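> return a 3D structure for these sequence lines:
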Amino acid sequence: MTSTDPDPHPASSSVPHMAPPRTTHESFWIKELPFTLVLVLTIAGVAYTSFSKKPIVGYWEILAPIIALVCVAAGWEEAGDKSGRLRLIVTQALHWFAFPGSDEFDAAQ
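Purely as a prediction, here's the structure:
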């Protein structure tokens, strides 16, 4: 190998290799994917209940915590520090547990 030949194994630079940034359009759809899935699952549940004329309580009991997790995940970065994230989790838990509690209260009366 002569001094003019390029080095087949270049020295590693101090800058780590990074993936190219995603386009705005692509990152928007990836960011909105969980919400789209929740919407599709909700519409599917309503459609099934409308056509079958039978309630699917188990479906909604599973879907509600999934939606709650999507809500927490969506607000996680914006919550900032540990106290903000704890407040986010507590408010979402109170919100989502209020619905099953109100159902049981109505049934007891």
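> now the helices for this protein?
24-52, 57-79, 82-108 (DSSP state H).
> which elements pack onto the longest one?
Okay, so that is helix 24-52. Here helix 24-52 touches helix 57-79, going by 3 or more Cβ pairs under 8 Å, 6 or more residues apart in numbering; DSSP states H and E. C-beta: built from backbone N, CA, C; applies to glycine.
> what about residue 68, neighbour count?
Neighbourhood size, residue 68 [other Cβ atoms under 10 Å]: 16.
> shaky segments in this protein?
1-25, 99-109 (pLDDT under 70).
> which other residues reach stretch 75-92?
Residues outside stretch 75-92 that contact it (Cβ atoms under 8 Å, 6 or more residues apart in numbering) are 68, 71, 72.
> how far away is the first one from residue 95?
If you measure residue 68 against residue 95 using Cβ to Cβ, to the nearest Å, the figure is 8 Å.
> and if you look at residue 31?
The spacing between residue 31 and residue 95, counted by Cβ to Cβ, is 22 Å.
> for residue 49, same thing?
23 Å.
> distance check, residue 91 against residue 43.
The gap separating residue 91 from residue 43 is 26 Å, by Cβ to Cβ.
> who's more crowded, these two?
More crowded of residue 91 and residue 43, by other Cβ under 10 Å: residue 91, with 13 against 10.
> what number of residues lie near residue 94?
Burial of residue 94 is recorded as 10 neighbouring residues (other Cβ under 10 Å).
> swap that for residue 82, sorry
For residue 82, using other Cβ under 10 Å, the count is 8.
> residue 81 now?
Neighbours of residue 81 (other Cβ under 10 Å): 8.
> phi first, then psi, for it.
Dihedral angles of residue 81 (phi, psi; degrees, to the nearest 10) stand at phi -90, psi -180.
> gap between it and residue 88?
Taking Cβ to Cβ, one finds residue 81 at 11 Å from residue 88.
> residue 34 now?
As defined by Cβ to Cβ, residue 34 lies at a distance of 16 Å from residue 88.
> again, but for residue 94
Relative to residue 88, residue 94 is positioned 11 Å away (criterion: Cβ to Cβ).
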